[in-house]
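In: Could you work out the structure for the sequence below:
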Amino acid sequence: MYQWLVLIFLIICCITDLNKKIIWKPVTILVFAGVCTAHFILKDMELWNILCGCLPGLCLLAAGLATREAIGYGDGLVIMSCGAAIGFADVTALLLLGLFFSAIWAAILLIVRKAGKKDSFPFVPFLLAAWICMMCLL
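Out: Residues are numbered from 1 along each chain as shown. Sure, this is the predicted structure:
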C-alpha cells in the first residue's frame, strides 16, 4: 500500500519540481502526517523504523541549511515523508539510487557542456526513477 502512495507522491512532486522548480511543502507535510497517522492506527511499522526513516530527510534539511539551500529544503521534506512511509532501509536505498542517477545526469551535462559546475537541476525526478526501479525489483 505504501509503495503506491510513495509513487503517487513522487509523481506529484516531480511534476511541480520540473514545471515550477518548487516542492509544495504543505503536500509533503500532509503526506508525512497522514503516513505517520496510518502507521500509528494500523501498527504496521515500529516507531523506531519511522523515526530512523526520517533521518536521511533530516540530514538533507540540515545540509540545505548549511549550504544556504543549495540543496533545497523541499528535497529533504520529500525524503523525510518517503522515509516515514517506507522505513530506513528503503529510503536510504531510494536516496542513494537517486543520487547515483543524478550524478550520471550531471556528468553527461558537464561532458556535453550543457551545464557548468554552478548550475542546478531538479532532484525529485531522479528519486522517482529510483523508486520505479526499486518497485520493479521488490
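In: Tell me, how many residues neighbour Ile29?
Out: For Ile29, the count of nearby residues is 13 (other C-beta atoms under 10 Å). For the C-beta atoms, the positions are set from N, CA and C on the backbone; glycine is no exception.
In: Distance-wise, check it relative to Asn19.
Out: Remark: distance between Ile29 and Asn19 (C-beta to C-beta, to the nearest Å) = 20 Å.
In: which element is Ala129 on?
Out: Assigned by DSSP states H and E, Ala129 belongs to helix 124-137.
In: where do the strands sit along the chain?
Out: For the chain, applying DSSP state E gives no strands.
In: Select the longest helix from it.
Out: Selection of the longest helix in the chain by residue count, based on DSSP state H, yields helix 88-111.
In: List the buried residues in that helix.
Out: Phe88, Asp90, Val91, Thr92, Ala93, Leu94, Leu95, Leu97, Gly98, Phe101, Ser102, Ala106 (16 or more other C-beta atoms under 10 Å).
In: distance of the last one from Phe100?
Out: Taking C-beta to C-beta as the criterion, Ala106 is separated from Phe100 by 11 Å.
In: Tally up the residues packed near Asn19, please.
Out: For Asn19, the neighbour count with other C-beta under 10 Å is 9.
In: So for it, what's the pLDDT?
Out: Asn19 is assigned 94 on the pLDDT scale.
In: any idea which residue sits dead centre in this protein?
Out: Taking C-alpha atoms, centre = their mean, the centroid of the chain lies closest to Ile79, which sits 3.4 Å from it.
In: That one and Leu60 touch, don't they?
Out: Yes: at 5.5 Å, Ile79 and Leu60 qualify as touching, with contact defined as C-beta atoms under 8 Å.
In: and for these two, which residues touch both?
Out: Residues touching both Ile79 and Leu60 (C-beta atoms under 8 Å, 6 or more residues apart in numbering) are Leu95.
In: Looking at the buried residues of helix 88-111, spot the one nearest Lys43.
Out: Phe88 (17.8 Å; C-beta to C-beta).
In: Find the nearest non-adjacent residue to that closest one, please.
Out: Excluding the flanking residues, the one nearest Phe88 by C-beta to C-beta, 6 or more residues apart in numbering is Cys52, at 3.9 Å.
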